[in-house]
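Visitor: need coordinates for the below:
(one chain, ligands or ions: 1)
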Amino acid sequence: MRNHELVRLFLTLMLGLGLSAAASPQSKAQKPQAVAKSAAARPNVIFLLADDLGYGDIGAFGQKKIRTPNLDQLAKDGMRLTHHYSGHNVCAPSRCVLMTGKHPGHAYIRDNRRGFRQADMKGDEGQEPVPAGELKLLLTLKQLGYTNGGFSKWGLGAVGSTGDPNSQGMDWFYGYNDQGVAHNFYPVSLWNNRERVPLRNERFSARQTLPPGADPKDPASYAKFTGQDYAPDLINDAARKFLCENKDRPFFLYYPTTVPHLALQVPEDSLAEYNNAFREEPYTGGNGYLPHRTPRAAYAAMVTRLDREIGKLLALVDDFGLRKNTIVIFSSDNGPLFNRHGGTDAEFFNSHGGLRGRKGSYYEGGFRVPYIVRWTGQIKPGSTSERVTGFEDWLPTILELAGAKESTPSGIDGISFAPTLLGRRQPERRFLYRESPSYGGQQCVRVGHWKAIRTNLNPDPAATNQAPGTGAIELYDLASDPTESRNVAAQHPEVVATRDDFERATRAREAVADPGAGRGGN
Ligand SMILES: [Ca+2]
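Guide: As a prediction, the model looks like this:
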């Protein structure tokens, strides 16, 4: 493809996609659902989804300071996808892409938004709910005879709303419904389906600073930021119970942990594993969330504890002899935090793996995420793929791996990469598209090794991580410039838009801008 043709494709995609409800090129006619009689033969699927974990945060993707032995072994036993993109650069819309197979220009949830109320909603939690029947990944698997379990963080609608997990195909959900509540790892309660389960924790805000006069070097100064019940431990217990109860029938175990999202909170036994491991400056809470005496050790310990909990789940798979009949997937919902927010230090850990951009950005570090898939006997151990893939692809991929390709819903954007996983050749995807109304408003598209991005479509003076830019198209060649350091748009004068292009761009900008949107803090 010649350069001017490529640029024209970028313009067409960026101005025309996601801004209408037009069917995607991958749309296909709805086919009858597969009959459930073959359900017993279908593989189990365990989907492990970390929260704000960067491309470089685990050993299998280059991490040197944080120990992740179980995930590293998972990579040795399966395939790493090194050009895999989360659904979005913040939490809720990323999960919506995963669950619907639609890219962020088509998916229902476009941003992290709270304050929604519907008549039957329980409690005071109110993230924007998806409409009834929206989460086709869960609903289709259920039709195919799967038992679905979700353990940890939902974020797609409160209990009693249309986005209630039990109304969207989840047979058992245990954990946080609302992302805002999930900022505290010692909450006063969790949800067990539609019932609140009280925990042995005192209520306290996950956003406070060390009180005046408190000694930042004294562990006692931080004692009030803990409790008795550490939510991730209870959630792992529930997930393992689910696995035990469903070992004899096909299950989908969705494990969207809140780790290592802020606040920095981790039990002492895990913190002790990183005692004196790093040079530390106490974090007193001035840059958001909760203080911590040893913030670097806390972050590392949270990730290592997650790795340990994943190890427990995978050990159960082996104990039950299910390894060959269980597909295990690991990834993250968006990139690592910026500006040492909440005491994190992405630069110290190289959490971004050297990529430009952090959470909230569509430069690579904001949404290119680690990806591992293990299916023993089917996927070549220790293999790697550079195929461009994204969260929207998982719905058709899982269905194809489950032998139910004909059940793939119509109107999705995802492209199955089951052939790639199984060692077969498949054509390169035409493009991968993302957009977001927050962090200044952004669009990007990847076509082969080319990446085009526009930032500052909806400037927000209050945003803390707004990418610089004028709304003009920047162009990067990821093959020669993986850190997006050389904008080569100027070398391609075709990018200079005609008057018509400007007018169309203005409409695109209005469509991307969304005055009701938050700034994506979850
Ligand atoms: Ca996240």
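Visitor: how many neighbouring residues does the closest residue to Arg200 other than its chain neighbours have?
Guide: Excluding its sequence neighbours, the residue lying closest to Arg200 (C-beta to C-beta, 6 or more residues apart in numbering) is Gln228, at 3.9 Å. (Glycine included, C-beta is placed from N, CA and C.) Neighbourhood size, Gln228 [other C-beta atoms under 10 Å]: 9.
Visitor: Pro291 too?
Guide: Count around Pro291 with other C-beta under 10 Å applied: 23.
Visitor: I'd say it and Ala223 touch.
Guide: No. At 11.3 Å, Pro291 and Ala223 do not qualify as touching, with contact defined as C-beta atoms under 8 Å.
Visitor: next, show the common contact partners of the two.
Guide: With contacts defined as C-beta atoms under 8 Å, 6 or more residues apart in numbering, no residue is shared by Pro291 and Ala223.
Visitor: could you pull up phi and psi at Gly390?
Guide: Here is the backbone geometry of Gly390 (degrees, to the nearest 10): phi -150, psi 170.
Visitor: for it, give the beta-bridge partners.
Guide: Legend: beta-bridge partners of Gly390 under DSSP bridges are Tyr85.
Visitor: now do the SS call for the residue nearest to His352 when sequence neighbours are not counted.
Guide: Distance criterion C-beta to C-beta, 6+ apart; nearest residue to His352, sequence neighbours excluded, is Gly365 at 3.8 Å. Per DSSP: H, G, I helix; E, B strand; the rest coil, the secondary structure class of Gly365 is helix.
Visitor: for the closest residue to the ion within the stretch 351-500 of the chain, which residues are in contact?
Guide: Nearest residue of the stretch 351-500 of the chain to the ion, counting by C-beta to the ion: Lys359, 6.7 Å away. When contacts are counted by C-beta under 8 Å, 6+ apart, Lys359 touches 52, 89-90, 334-338, 366, 465.
Visitor: how about those residues in JSON lines, adding neighbour count?
Guide: Formatted as JSON lines, those follow (neighbours: other C-beta atoms under 10 Å):
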{"residue": "Asp52", "neighbour count": "26"}
{"residue": "Asn89", "neighbour count": "29"}
{"residue": "Val90", "neighbour count": "29"}
{"residue": "Asn334", "neighbour count": "31"}
{"residue": "Gly335", "neighbour count": "33"}
{"residue": "Pro336", "neighbour count": "30"}
{"residue": "Leu337", "neighbour count": "27"}
{"residue": "Phe338", "neighbour count": "20"}
{"residue": "Gly366", "neighbour count": "33"}
{"residue": "Asn465", "neighbour count": "19"}
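Visitor: if we check the ion, which of those residues are in contact?
Guide: 52, 334 (C-beta under 5 Å from the ion).
Visitor: show me where the protein has helices.
Guide: 3-16, 69-77, 91-100, 136-143, 231-245, 268-271, 295-319, 346-349, 364-367, 394-401, 418-421, 499-512 (DSSP state H).
Visitor: tabulate these in a markdown table, adding columns for mean pLDDT.
Guide: What follows is the helices of the chain, written out as a markdown table (pLDDT from 0 to 100):
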| stretch | mean pLDDT |
| --- | --- |
| helix 3-16 | 54 |
| helix 69-77 | 98 |
| helix 91-100 | 96 |
| helix 136-143 | 98 |
| helix 231-245 | 98 |
| helix 268-271 | 98 |
| helix 295-319 | 98 |
| helix 346-349 | 98 |
| helix 364-367 | 98 |
| helix 394-401 | 98 |
| helix 418-421 | 98 |
| helix 499-512 | 43 |
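Visitor: could you report the neighbour count for the residue of the stretch 101-250 of the chain found nearest the ion?
Guide: Closest to the ion within the stretch 101-250 of the chain is Gln179: 8.1 Å, counting by C-beta to the ion. A count of nearby residues for Gln179, using other C-beta under 10 Å, gives 24.
Visitor: got the helices of the chain as JSON lines, with distance to Gln491 columns?
Guide: Below are those laid out as JSON lines (distance: least, C-beta to C-beta, whole Å):
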{"stretch": "helix 3-16", "distance to Gln491": "9"}
{"stretch": "helix 69-77", "distance to Gln491": "37"}
{"stretch": "helix 91-100", "distance to Gln491": "32"}
{"stretch": "helix 136-143", "distance to Gln491": "41"}
{"stretch": "helix 231-245", "distance to Gln491": "48"}
{"stretch": "helix 268-271", "distance to Gln491": "50"}
{"stretch": "helix 295-319", "distance to Gln491": "40"}
{"stretch": "helix 346-349", "distance to Gln491": "30"}
{"stretch": "helix 364-367", "distance to Gln491": "20"}
{"stretch": "helix 394-401", "distance to Gln491": "36"}
{"stretch": "helix 418-421", "distance to Gln491": "32"}
{"stretch": "helix 499-512", "distance to Gln491": "18"}
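Visitor: so for Ile412, which of these sits nearest?
Guide: Taking C-beta to C-beta, helix 394-401 is the member of the helices of the chain nearest to Ile412, at 6.2 Å.
Visitor: ok, residues contacting that closest one?
Guide: Counting by C-beta under 8 Å, 6+ apart, 43, 45, 47, 98-101, 136-137, 140-141, 144, 327, 329, 375, 405, 407-409, 412, 414-418, 421 sit against helix 394-401.
Visitor: same check, this time on stretch 214-222
Guide: Contacts for stretch 214-222 (C-beta under 8 Å, 6+ apart): 210-211, 282, 284, 291-293.
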